[in-house]
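> Take this sequence and fold it.
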Amino acid sequence: MNAAAPRATLRRFAGYLGVAVAATLPALVLRFAGWRPNPLLDAALFGVAILAAGFMLSWGAEAAEKRVSQGLIVAAIALVTVLPEYAVDFYYAYAAGQDPSSNYVHYAAANMTGANRLLVGLAWPLMVLVHWFRTRQRRIDLAPVNAAEVVFLLIGTAWSFTILLRDAIGWIDSVVLVAIFAAYVWRVSYLPKAEEDEDDEPGPAAALGQLSSARQWAAMAALTVVAAAVILASAEPFAEAMVESGRLVGIDEFLLIQWLAPLASEAPAVTIAVLFVLSGRAANGLATMISDKINQWTLLVGMLPLAMSLGAGELTALPLDARQHEEFFLTAAQSLFGIALLLRLRLGVWGALALAGLFALQVGLTLNFLGDDARTIASLTWLSWGYLALSAIVVATNAKSLGHLFAVGLFASHPEAHPPRAAPAAGEQS
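Numbering: from 1, shown residues only. Have a look, this model is predicted:
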């Protein structure tokens, strides 16, 4: 490598970092001055600060990719980059605990279901379509080590259906879901390390790779601390500004919290995954989004009752009313369909289009029946059963993959030596 190349990379990183820090300053000024000029402006400034902090977190996490096991760093990147989502949702759950009769109960559930459905309905298909436009390859093949992601997501999804029987996310769900996430992290920590690439990583993480080991860890720690501080300072005013903005402009605040807030908080994680795809590591990009889904569908959901209990000052559960029951049902059903498409450790263009098309349908139905809860609930119910029917068909077609997938995902010490056996899907070549 040319000697000037590392310096140029570091200069670019300094530029990226300068932009990110500058983006957080207006929000920090508003936060510590206690000034809230306008809900729309507040939402924009605090949202931009959270977005910038999310990028800083993702740069540090991505830079650690070559230092720990491949599976563990995928889990770490996914966990770190969705801290903005956690902060916003925890605030809504905490406020719901302080006033259980308020709409914050609905907001906490809406933010969680929206974030999960955006991942499967938009982010997963995006990885495949970007890969297809870049290479004309019609699918992304995951590595055998990624069987762990699919298996633990299936376990978490199976448990999520039991929540519907109780119409509440309670302490038992916290225990089970957090345990599933802990088991997942423990499992992937024993998977092989990522292989070294000859080319530098794209983006700011490449600059950190030019530093000595000690300086890399110091830089990663500093990015994490600064970004976490910004997120914690911005989460409450951003969450409140989203509610007030909806009321101010006459837009249903429930929809803003369900879709717009997660779009802002998920953007850094999705951007990093897209960079993986553009740099020729499509499997890493898709695996990061799957891991993102795991921690949001286990750890995030499991922590909501704890956040609500903190607000209430006593152990309590997050209730699901009729609308939230169907929202949660739809989220669980969509998750199961996404897993069914991954049973052969691959996601093709047709599967991606099915996920994106069904997601567009659910958003369209929600907007079409806006203000009519009865028709909205009915449409969500039918769509949920549609997801389950499609899941049953796909699972039946790939039933022979299940046993081997669990064996590899849960027990194989070197999954590369034991690739799952599966027949090619219709219209695809193996």
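
> from here on, contacts and neighbour counts on C-alpha atoms
Noted.

> ok, Ala273 touching Gly280?
No. Using CA atoms under 8 Å, Ala273 makes no contact with Gly280, being 11.1 Å away.

> Just want to know which of those two has more residues nearby.
Ala273 (27 against 13; other CA atoms under 10 Å).

> which of the residues in stretch 20-38 are buried?
20-21, 23-24, 27-28, 30-31 (16 or more other CA atoms under 10 Å).

> Please, where are all the helices along the stretch 51-200 of the chain?
All helices of the stretch 51-200 of the chain, identified by DSSP state H, counting those that start in this stretch, fall at 70-81, 83-98, 104-118, 124-135, 147-166, 171-188.

> Any idea which of these gets closest to Asn368?
When these are compared by CA to CA, helix 104-118 sits nearest Asn368, at 17.2 Å.

> What angle do helix 83-98 and the closest one make with each other?
Going by axes from the mean of the first three to the mean of the last three CA atoms, to 10 degrees, helix 104-118 is angled at 150 degrees with respect to helix 83-98.

> Low-confidence bits of the chain, can you list those?
Under the criterion pLDDT under 70, the flagged ranges of the chain are 1-9, 61-82, 191-206, 209, 412-430.

> Now do the strands in it.
For the chain, strands defined by DSSP state E occupy the ranges 139-141, 168-169, 318-319, 346-348.

> Quick one: those strands as TSV, columns for mean neighbour count and distance to Met112 too.
Formatted as TSV, the strands of the chain follow (neighbours: other CA atoms under 10 Å; distance: least, CA to CA, whole Å):
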stretch	mean neighbour count	distance to Met112
strand 139-141	21	27
strand 168-169	22	12
strand 318-319	22	12
strand 346-348	21	24
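
> export these to TSV and tack on distance to Glu85?
Listed next are the strands of the chain as TSV, based on distance: least, CA to CA, whole Å:
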stretch	distance to Glu85
strand 139-141	27
strand 168-169	18
strand 318-319	18
strand 346-348	26
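
> nearest to Ala87, of those strands?
The nearest among the strands of the chain, by CA to CA, is strand 318-319 at 16.8 Å.

> re earlier: just put the buried residues of stretch 20-38 in TSV and tack on distance to Thr157.
Output for the buried residues of stretch 20-38, formatted as TSV (distance: CA to CA, whole Å):
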residue	distance to Thr157
Ala20	36
Val21	38
Ala23	37
Thr24	36
Ala27	37
Leu28	38
Leu30	40
Arg31	38
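
> Inside helices: which ones of these?
Among those, the ones falling in helices (DSSP state H) are 20-21, 23-24, 27-28, 30-31.

> how about Phe337, what does it touch?
Applying CA atoms under 8 Å, 6 or more residues apart in numbering, we find Phe337 in contact with 387-388, 390-391.

> Relative to Leu345, which of these is nearest.
Comparing the contacts of Phe337 against Leu345 with CA to CA places Ser391 closest, at 15.5 Å.

> Need the nearest residue in space to the closest one, chain neighbours excluded.
Leaving aside its sequence neighbours, Ser391 sits nearest to Phe337 (CA to CA, 6 or more residues apart in numbering; 4.7 Å).

> Quick check: the gap between the one you found and Phe276.
24 Å (CA to CA, to the nearest Å).

> And Met303, by the same measure?
For Met303, the distance to Phe276 - CA to CA - is 29 Å.

> show me what contacts Gly121?
Contact analysis of Gly121 by CA under 8 Å, 6+ apart lists 355-356, 358-359.

> quick check, nearest of the residues you listed to Ala241?
Proximity of the contacts of Gly121 to Ala241 (CA to CA) peaks at Phe359, which lies at 26.5 Å.

> The closest one against Leu122, yeah?
Yes. Applying CA under 8 Å as the test, Phe359 and Leu122 come out as touching, 7.5 Å apart.
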